[in-house]
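Engineer: Fold the stuff below for me.
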Amino acid sequence: TTMVSSSAASDVYKRQLPWCRKRRIPLIFDAVEWYDPSSIAAGLISPYQWNIELAMRFLAPRADGIIAISSFLQEHFDREGCLTVRVPPTLDTKAVEPNLDGGGGGRLVISYTGNPARKDLFDDYLESVLRLDSRGRNIRLVAAGVSEERLMAFPAMRKRRLSSPPGCVETKGVVSHSEAVALVRHADFSVLTRPPARNTQAGFPTKAVESLAVGTPIILNTTSDLGEYIHDGREGIICGDHRLGSLMDAMERALTLDPEQKRSMRIAARRRAEESFDYRNFSEVLGSFIEKTRN
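Structural biologist: Here you go, the predicted structure:
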């Protein structure tokens, strides 16, 4: 059996498919994303966009099987008559040390890790924390993956004419993956709000799985399949939608939680990671799926 990812160029796929057919080797397509024109700088005129559409609509359905990261992608390939299995991002929870006791002490610490692109509404994270801080709320946003120069270029900072990050916002810059995980581990919540679009529905954010694994609940809106795994008041706090007002309401709710409530959410977050995202839970399912592609 051989596999090709949805991030691979379609010309590679076109070479692999005939090669596998000639040798009677099953070809499995690993579908992990599907960008839409609005998420790519050149939009519909981008060769990359046409490459993606060719792969997802015409080439991938010719594979012997599809591993879909989300129900959105699974349903797409089911409609095409493909043999499909859904597997979300997985990890080894036994290798991840959780923090089940607490986060940032007296101040509510919100963590963000990653490279803010069009998917993550990072400016809203800044705006929410800055507004709440100005109202006397004891809250702080700590980010990794964002340089200070880039941080200060976001509209929330520019319109306040700030020359350096205020006390309620800190950026660690670009750090290693282990350092980013440690930052999330010691926060009270991570944050992940995204606009509803094809790319946010088709993918599945790995950072959400990593946050749950270290025992840190998430403030989020339910794009992709996140609503299946994260429930309001248990593994996280659910925003009504992706807009700024909903995010601020969610952060206000987080500020009202007492230490025991936060600890209970941390335990629930870790349990969710163990039950839903540990790779061991999918070994039998994937083994059976691969056997079906061979037959």
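Engineer: what's the burial count for the residue nearest to I238 when sequence neighbours are not counted?
Structural biologist: Leaving out its chain neighbours, the residue that sits closest to I238 by Cβ to Cβ, 6 or more residues apart in numbering is D232, at 4.1 Å. For glycine as for every other residue, the C-beta is placed from the backbone atoms N, C-alpha and C. Look at D232: counted by other Cβ atoms under 10 Å, it has 13 neighbours.
Engineer: backbone phi and psi for D232, please?
Structural biologist: phi -60, psi 130 (degrees, to the nearest 10).
Engineer: That one and N221, how far apart?
Structural biologist: To N221, D232 is 11 Å away according to Cβ to Cβ, to the nearest Å.
Engineer: residue contacts, the spatially most central residue of the chain?
Structural biologist: In the chain, the centroid-proximal residue (Cα atoms, centre = their mean) is P205; its distance is 1.5 Å. Residues in contact with P205 (Cβ atoms under 8 Å, 6 or more residues apart in numbering) are 89, 192, 194, 224, 226.
Engineer: Pull up the overlap in contacts between D232 and N221.
Structural biologist: Counting by Cβ under 8 Å, 6+ apart, the shared contacts of D232 and N221 are I238.
Engineer: Now for S163, how many residues are close by?
Structural biologist: S163 has 6 neighbouring residues, counting by other Cβ under 10 Å.
Engineer: ok, now which ones touch it?
Structural biologist: M152.
Engineer: Also V184?
Structural biologist: Residues counted as contacts of V184 (Cβ under 8 Å, 6+ apart) are 111, 113, 190, 207, 210-211, 214, 216.
Engineer: SS state for it?
Structural biologist: At V184 the chain is in helix, as set by DSSP: H, G, I helix; E, B strand; the rest coil.
Engineer: Just name the closest of the contacts of P205 to N281, please.
Structural biologist: The closest of the contacts of P205 to N281 turns out to be P89 (Cβ to Cβ; 12.3 Å).
Engineer: surely the closest one meets V209?
Structural biologist: Yes. In this structure, P89 is within contact of V209 by Cβ atoms under 8 Å, at 4.7 Å.
Engineer: Measure how far the helix or strand hosting D78 is from the centre of its chain, please.
Structural biologist: D78 belongs to helix 71-79 when elements are defined using DSSP states H and E. Centroid displacement of helix 71-79 relative to its chain, using Cα atoms, centre = their mean, to the nearest Å, is 19 Å.
Engineer: and the helix or strand just after that helix, what does it pack onto?
Structural biologist: Sequence order places strand 84-86 as the next helix or strand after helix 71-79, per DSSP H and E. On a contact count with 3 or more Cβ pairs under 8 Å, 6 or more residues apart in numbering; DSSP states H and E, strand 84-86 meets strand 65-68, helix 71-79, helix 283-294.
Engineer: quick one on the thing from earlier: tell me what the residue nearest to I238 is bridged to.
Structural biologist: Following DSSP bridges, D232 is listed with bridge partners G236.
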